[in-house]
Each structure stands twice: as structure tokens, then as C-alpha cells.
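Novice: Below are the sequence and a predicted model for it; my questions follow.
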Amino acid sequence: MISFPNVSNKKYRLIIALHWAGGGDTYKTFFECLALPGLDDEETIIVSPEGQNQLWNTGNNINKVKNLVGNAIKYWNVDANKIAVTGYSNGGNGSWYFAEHYPELFSAAIPMASSYPINKKLNTPLYVIHGGKDELFSVTKTSEWVEKTKEAGSNIRYIIIEERSHFQGCSYVPELKKAQKWLQNLWKEE
């Protein structure tokens, strides 16, 4: 799914939004209930690819995301310095993965409700959002990995929403809007 701004007289920003696990119309539900209402603005293209019921770090999905970014820069007047990746659950883990392995493609990442084992410095700034009552990805474990990578020198803002469970993905819109403001400020500083 793709959302284009109505009008812009300058280069667009791009956000690749990676859906949670599941096949069928999962990517549409994710896009319509979380990505679009949380990230929509007048200068940003939002693309939510379909992951074919696979993890985002599989060869097929890595190539899909890389090709989306490359083609967006080539054909849609996207500013190559203002590209972010976000996602929820499986997509959140994918966001961590792309931040770690493809910092040349993404200037920021916003993983949500995810758990990614990392303890080294990442060059991509992150805004990490996690539910305090997440049943699938322990907030304790996620907090531990966030702290380790912060101690290694990563630029991370970490938000815990105490009352949220893992299965309330669509309710993360207010937090994603705050992350969108963080992202816009980050891009102004560049």
C-alpha cells in the first residue's frame, strides 16, 4: 500500500512501514489502522509492502525493501537523506534489522512492539516504542537490549507504554505520531 502527499514543491520524505506477522490482508490492516494515521503528513510518502508471511530479514523481503527504496529515490523525487523504516512486531524486528544492516539506506528507524538481540552501536537513530504488558516480546528483555546498544553509543529514544499489550497494535497511533515529530526534528537537524 502506498500513500502519496497531495502536493509538494520539494523532495519527499519516505517511510517504509513493515507490517506485523500474518498473511493475507495483514499489510492492509496494519497500513490502514496504524501506519497511515500515525505517519501521514504533507511531505511524506508511506509505503507498506506485503511480506508474504515471511520474516523481514529473509532474502526476498530484504531485496523487496532495498528495491522499493532505490526506485522511490529514482522515480518519486525522494530525498535519499530522509528515509526511515518502521514496523510493528515482526515489522519492528525488521526495522531493527534494517537499521543495523543498511544504515546507508535509512536515516532513522521506529521499531514498535519488537525484540531484537543487539548490544553494539548502531549508526541509525532509533525511536523504540514498546508495551509494558507485551505478551510476546518481554519489555524486560527489550529494555535490556535497548540499554546495551545505548551504552555502546547508539542514539535511541525509548518509550514504554505501560498499559499496552502486544495485541493492541492499532492503539499505538498516538505514540507513532510522537515518533513522527521526533523524525521530522531529526531531519531538520541534518
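Specialist: Looks like it came in fine. Numbering: from 1, shown residues only.
Novice: ok, the helix or strand hosting Asn81: who's next to it in the sheet?
Specialist: Assigned by DSSP states H and E, Asn81 belongs to strand 78-88. Strand 78-88 sits in its sheet next to strand 12-18 (parallel), strand 108-112 (parallel), going by DSSP bridges.
Novice: Nearest to Lys133, out of those?
Specialist: strand 108-112 (14.2 Å; C-beta to C-beta). C-beta: built from backbone N, CA, C; applies to glycine.
Novice: Give me the contacts around that closest one.
Specialist: 84-89, 91-93, 95-96, 98-99, 124-130, 169, 172, 175-176, 179, 183, 186-187 (C-beta atoms under 8 Å, 6 or more residues apart in numbering).
Novice: Take these and keep only those in helices.
Specialist: 91-93, 95-96, 98-99, 175-176, 179, 183, 186-187 (DSSP state H).
Novice: Roughly how far does Gly59 sit from Asn67?
Specialist: From Gly59 across to Asn67, the span is 12 Å (C-beta to C-beta, to the nearest Å).
Novice: so Cys170 makes contact with Cys33?
Specialist: Yes. With contact defined as C-beta atoms under 8 Å, Cys170 counts as touching Cys33 (3.8 Å).
Novice: separation between the spatially most central residue of the chain and Thr140?
Specialist: Centroid-nearest residue in the chain: Thr86, 0.7 Å away (criterion: C-alpha atoms, centre = their mean). Noted for Thr86: a distance of 23 Å to Thr140, by C-beta to C-beta.
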